[in-house]
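Peer 1: model the following, please.
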Amino acid sequence: MSRVIVAGSGIAGLTAALHLSGRHTVTLVTKGRLGESNTEWAQGGIAGVIGPDDTVDSHIADTLTAGAGHCDPEAVRSLCEAGGDAIVSLAEAGVDFDTDPTGAWARGIEGAHSYPRIFHSGGDATGRAISTALAQKLRTEVAAGRITLLEDTMLVDILTTDAHERRQGRATGVATATGVTVLREGRVAALAADAIVLATGGVGQLFAHTTNPAAATGDGLAAAIRAGAKVSDLEFFQFHPTALPGPGFLISEAVRGAGALILDEHGHRFMTDIDDRAELASRDVVALALHRRQAAQDGRPCFLDARAVPDVQATFPSITAGLAAHGLDLSRDLIPVTPAAHYFMGGVTTDRDGRTSIHGVFAIGEVACTGVHGANRLASNSLLEGAVFAARAAAAIDALPVNRDHELPLPQSRSLHQTALTRTELQDLTWAHLGVERTATGLRTLLDRLGDGARNDGTRNAGTSANRAHNADDHPTTPAAALADALETANLALIAEHMARHALAREHSLGAHTRTDTTLTPSTTAPSTATPPTALLQEASAC
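Peer 2: Numbers count the residues shown, from 1 in each chain. So this is what the prediction gives:
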């Protein structure tokens, strides 16, 4: 029986922990409360092939097309072949999927899908339904003593043995900070592990406009980078076309799937001029078109028109309530929308069983780069990826030999990425230079600004960061909150640097990565010849 630490409590982390429960000593670490994650915020559904009128091959083809030729085909096949069973498993876990008048599970269609294969729960509350059901099952396992739950505990670093003979070190545990969201003194502790599962989600808080919750600061990805893990595809960040300007409240693609239109400030439906699929083109196409139309309007927003969608309020109750809080009515008003940072296609490089280049470290969900999303994620494949690859990673951990020969290193204040920028300044810079459109000049400007105030070695100490002054827009300066804010901002700055370097290296546009200083356009380039994640890990998996 191995000691396994799972960091994160979205669909990937919860699924992995539940699969491992009873067979290993499992500790689940989550920065906030259990289930607080991007999963909980997911309005869209989960894609999968169930029924005779759809095919796995069609789902595969749609995923590969959306990914702009940059996907790992075998990873995509693994995802799509497991889709139906994964959805059934969620239903067995307590997720109540919506039904049609015949009593069968209702299926919706979203952008770039050939068939209706999107399953929802609560209309536009699928993520919350999944999170609630899995969290309830996990609390049952905690009550039975089969899982240890550490809420309000932030992953700080991955602890490893020293690397030798050109190989990565072996993971021995994690350093964590507790008390990061409550008013008590934060402390750093070490937890020993034979296997570590990173399921810490995305990094939407890197940008000024995002649909992600406040906790999405890339903690697992940054820890993996500091530990020397291989990362892939960091230039590919998906911007959702329809978020409310300002608060970033998401208006799900499912609303467009139900018939909503995108209009410019003059009421013109411009997507039909750009793509035959109009509002249901892939997200990179819609986001870029909307971004450029707003620029032509001197920054004034475009609008989502759902006034002709039948029973729109009943179909999308969560969106209706969210918009009402901002004085907007989905059935009567034109809803102002803007692209916002939504989902990270890149991440820690893994094989199809979640293994990373560090022995004993696995990555699943949005923190991972499995190769299934390529340059642009197909709508509603993210929840599916979390469920499918969490189960595969758990099976791979079952096969690991127990190795406790290594002494757990003491947690240290590992050098973090230095930046003199406040969180708000960093977010504004990344939106300007790592956002929907990019140029070499802008990317170099960002890298230069990230280097401002850095030590000669390009790092800084976490304690120094924790004690620095904060603007009024930044987080409070209680001891625990200051520590958390310092760690998160350092993580964001580190990831921004790596993303900018990846974006600078890819000189042509591809999928969600749009270089306006080149002539090629997204989704029209030849398939990438980049080495898939599986190949990159062949040597590492032999460790």
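Peer 1: average pLDDT for stretch 488-507?
Peer 2: In this model, stretch 488-507 carries a mean pLDDT of 96.
Peer 1: next: stretch 21-30.
Peer 2: Rounded mean pLDDT across stretch 21-30 is 96.
Peer 1: and what of stretch 302-309?
Peer 2: 98.
Peer 1: list the buried residues in it.
Peer 2: 302, 303, 304, 305, 306, 309 (16 or more other C-beta atoms under 10 Å). Heads up, the C-betas are built off the backbone N, CA and C, glycines and all.
Peer 1: tell me, how many residues neighbour residue 98?
Peer 2: 18 (other C-beta atoms under 10 Å).
Peer 1: show me the contacts for it.
Peer 2: 105, 106, 119, 120, 121, 122, 123 (C-beta atoms under 8 Å, 6 or more residues apart in numbering).
Peer 1: now do the same for it: its pLDDT.
Peer 2: pLDDT at residue 98 comes out at 96.
Peer 1: for the one 5 residues further on, same thing?
Peer 2: Predicted confidence (pLDDT) for residue 103: 95.
Peer 1: ramachandran coordinates for it?
Peer 2: phi 90, psi -10 (degrees, to the nearest 10).
Peer 1: before we move on, what about residue 503?
Peer 2: Torsion angles, degrees, to the nearest 10, at residue 503: phi -70, psi -30.
Peer 1: isn't it up against residue 440?
Peer 2: No: here residue 503 does not reach residue 440: they are 9.0 Å apart, not a contact under C-beta atoms under 8 Å.
Peer 1: so can I have TSV of the contacts of residue 98 showing distance to residue 27?
Peer 2: Shown next, in TSV, are those (distance: C-beta to C-beta, whole Å):
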residue	distance to residue 27
105	35
106	38
119	31
120	33
121	29
122	31
123	35
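Peer 1: ok, these vs residue 29, which is closest?
Peer 2: Nearest to residue 29, judged by C-beta to C-beta, of these is residue 121 at 26.7 Å.
Peer 1: got a list of what that closest one touches?
Peer 2: Residue 121 neighbours (C-beta under 8 Å, 6+ apart): 45, 95, 96, 97, 98, 129, 130.
Peer 1: ok, residue 389 next?
Peer 2: 12, 79, 350, 352, 353, 354, 364, 365, 368, 370 are the contacts of residue 389 under C-beta under 8 Å, 6+ apart.
Peer 1: I'd like to know how far it sits from residue 48.
Peer 2: 14 Å (C-beta to C-beta, to the nearest Å).
Peer 1: on that earlier part again, how about the buried residues of stretch 302-309 in CSV, adding secondary structure and distance to residue 67?
Peer 2: Below are those laid out as CSV (DSSP: H, G, I helix; E, B strand; the rest coil; distance: C-beta to C-beta, whole Å):
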residue, secondary structure, distance to residue 67
302, strand, 26
303, strand, 29
304, strand, 26
305, strand, 29
306, coil, 28
309, coil, 29
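Peer 1: of the residues you listed, just say which sits nearest to residue 75.
Peer 2: Using C-beta to C-beta, residue 304 comes nearest to residue 75 of the buried residues of stretch 302-309, at 33.0 Å.
Peer 1: thinking that closest one is in contact with residue 258, fair?
Peer 2: No: if you go by C-beta under 8 Å, residue 304 and residue 258 don't touch, sitting 11.4 Å apart.
Peer 1: these two touch, right, residue 147 and residue 140?
Peer 2: No: between residue 147 and residue 140 there is no contact under C-beta under 8 Å: 9.2 Å.
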